[in-house]
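Below is the structure, and that's it, no one-letter string:
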């Protein structure tokens, strides 16, 4: 039986750990595993890699998509036709697609089309997104590591700001990924568990109000002289217009955002007359494997393994999910949800996870278990010893 | 005998390791060590902390300035007068000032003024700057860790870009600190020792030529489809005008720069029609203690110790320096240089350390020894366990 695995959407620092789980579990179950290069984009060009002789150890610790990712949506009949011709030609019986909302939509379309055609295909989605906004799962592989990276970086930058404020920079702004939901921006407050974190967090869930925001910054300045701000790229005005709309859309139809950190800092500078610094980690927050969470790495691998097990049990047309059994001790169990219930849907931060500009105890209880542990990372020449395939 | 230590200028992830070295060495030698809060700014307000009973272990691993820093220059006669009154009142006989070019200028003025007044004062400068641009020392504490952070981050972001380029982002730009010299931007190429790094590095040492730059990006795109770019904030046009000049100066008279990453990305987008991503680590690169170099941490501490030893040997009016004995095995020896030879001077990248857009073997030989080793860092609740003093 031949199986196909591919990666799709924005990558994470642990998506390859899921690839490791899928491939290793397939090996244990006698499945011949092919990998599609660059998701469906490469699959449509028959760009495959046979993993039979591949040493997959490096997948455990190398960030980003080792097999290439893509942004392509399968909405076109000709593409679907071509895909099934290629599946047939290559005798693909299992398809594991590793991605976020948009990618689960693709997986769902492929499964539905197989059914329509009577083509024997088992599709299972493996979740992945630093945005953590997939519904019906407690959280997503990739989130814990990105949250740990953001929390740590905000602690460090806030310590820096605390050193400088007396006669220099008083306000630090970090622009954090998260178009629709504030999961990752919220993690900028987790450092408070160890004494320092973001003072003001701007979430997409809270309509942006400039006057109230500036008042919150002013309060922090009055209290201690400095203020560190976390701003999600997707914050919106009450009318729904993005604060940082760049004026165009990407191939998924999503509005392109950018520079909200500078927009926010500009308000502080011009209205409060304070010196600001702006950080935009961008890719660093989603590929920073050097600051990954051990829990996240383990779960990413396990989600990959579960995908294979579900497919072999004929539980297909689903995405692997994690259900939280308890916060303390932290315990989850793996489960699954039909792909069509995940596709294109977004899970926002629950209302009791945040106040206007801060996070609540409930968010700490939720997020802290996800950032625990420092996973192994081999170093060579003083730098991480990541491995690259010749794609 | 009373001694005073203070921190000044932009902080680093290991400046507190120098503070540890100064304080611990002072203790061993029976010096009573006071710390000035926020450098000369706090000293002028008599904001002192007696370190006699302070548990200083946290200084080994907590980034940024634990005692606060400042941007103040001592160019004003009234300030100098006040400073000496405060020194006299507090019976200060030793002054250790930890900073970069501007701070060594302050240290030098204080030493010269003490001599003029016949006030018995021994001033020793402890070097610190991620910019690595102090002359007469092989390198500066703070640089190795920042270089390791930048090299690692560029590796990780380049892996991310390599995953995404086929139908999305093809060019990644990272804006790196460095107003006058390209030491830190150059470190974005070090990842090539492990197989991936910046494709194009824009250094302040190389006058910016838009056409040649775009051609270099075009070459990388033609060759492999994607291109990662490191740009120093201080790159200039041939006429000396900063590419990212913001139109105003700071209190040290330095031109304020910002957003060169977006300027560069805009050129790529509009002229080559490629999708770009921009990262501006900002404070993260200089306070990222979680990605520090063990060599740097050790040397930062040792520079602090040497400052005390030199002062006790009557070798004063100097800054501690490091001289490289050999690259392989890496070996340095500590030495000193008169403060006036360091003040306000800048060490550029030697011409044989770089080509137009890349770094040479000589730079690898120079920089790799400085980023070796992963120093201890205690974690609590899944995050670094940094400690804060109540300043």
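That came through, no problem. In this text, all values refer to a predicted model and were calculated from it rather than measured experimentally. Residues are numbered from 1 along each chain as shown, chains lettered A, B, ... in the order given.

Pull the contacting residues for the nearest residue to residue A:271 once chain neighbours are set aside.
Distances taken as Cβ to Cβ, 6 or more residues apart in numbering or on different chains place residue A:214 nearest to residue A:271, at 5.5 Å, with adjacent residues excluded. C-beta: built from backbone N, CA, C; applies to glycine. Residues near residue A:214 by Cβ atoms under 8 Å, 6 or more residues apart in numbering or on different chains: A:267-268, A:271-272.

and of those residues, the nearest to chain B?
For these, the minimum distance to chain B (Cβ to the nearest Cβ) is 14.0 Å, reached by residue A:268.

gap between that closest one and residue A:244?
15 Å (Cβ to Cβ, to the nearest Å).

What ranges does the stretch 151-300 of chain A have for its helices?
A:183-186, A:210-224, A:260-272, A:283-287, A:294-312 (DSSP state H, counting those that start in this stretch).

Spell out which residues of the stretch 251-391 of chain A are next to chain B.
Proximity of the stretch 251-391 of chain A to chain B, by Cβ under 8 Å from any Cβ of the partner chain, involves residues A:251, A:258-259, A:262, A:277-284, A:286-291, A:293, A:368, A:371-374, A:379-388, A:391.

for the residue of chain A positioned farthest from its centre, what are its contacts?
For chain A, the residue at maximal distance from the C-alpha centroid (Cα atoms, centre = their mean) is residue A:167, at 37.9 Å. Contact partners of residue A:167, counting by Cβ under 8 Å, 6+ apart, are B:38, B:41, B:70-72, B:251.

So which of those sit within helices?
residue B:41 (DSSP state H).

which among the contacts of residue A:167 end up buried?
Neighbour-count burial (16 or more other Cβ atoms under 10 Å in any protein chain shown) applied to the contacts of residue A:167 gives B:38, B:41, B:70-72.

farthest pair in the residues you listed?
Using Cβ to Cβ, the pair of those lying farthest apart is B:38 and B:71, separated by 9.7 Å.

Run through the buried ones among the contacts of residue A:167 and flag the ones next to chain A.
Among those, chain A is touched by B:38, B:41, B:70-72 when using Cβ under 8 Å from any Cβ.

In JSON lines, list the residues you listed along with pLDDT.
Shown next, in JSON lines, are those (pLDDT from 0 to 100):
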{"residue": "B:38", "pLDDT": "97"}
{"residue": "B:41", "pLDDT": "97"}
{"residue": "B:70", "pLDDT": "97"}
{"residue": "B:71", "pLDDT": "94"}
{"residue": "B:72", "pLDDT": "94"}
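
which of the residues you listed lies closest to residue A:120?
Of these, the one sitting nearest to residue A:120 (Cβ to Cβ) turns out to be residue B:71, at 69.3 Å.

unless I'm mixing things up, the closest one is touching residue A:163, no?
No: assessed by Cβ atoms under 8 Å, residue B:71 is found out of contact with residue A:163, at 10.8 Å.

sorry, back to before: looking at the buried ones among the contacts of residue A:167, which is nearest residue B:154?
residue B:71 (28.6 Å).

If anything else comes up later, I'll come back, but that's it for now.
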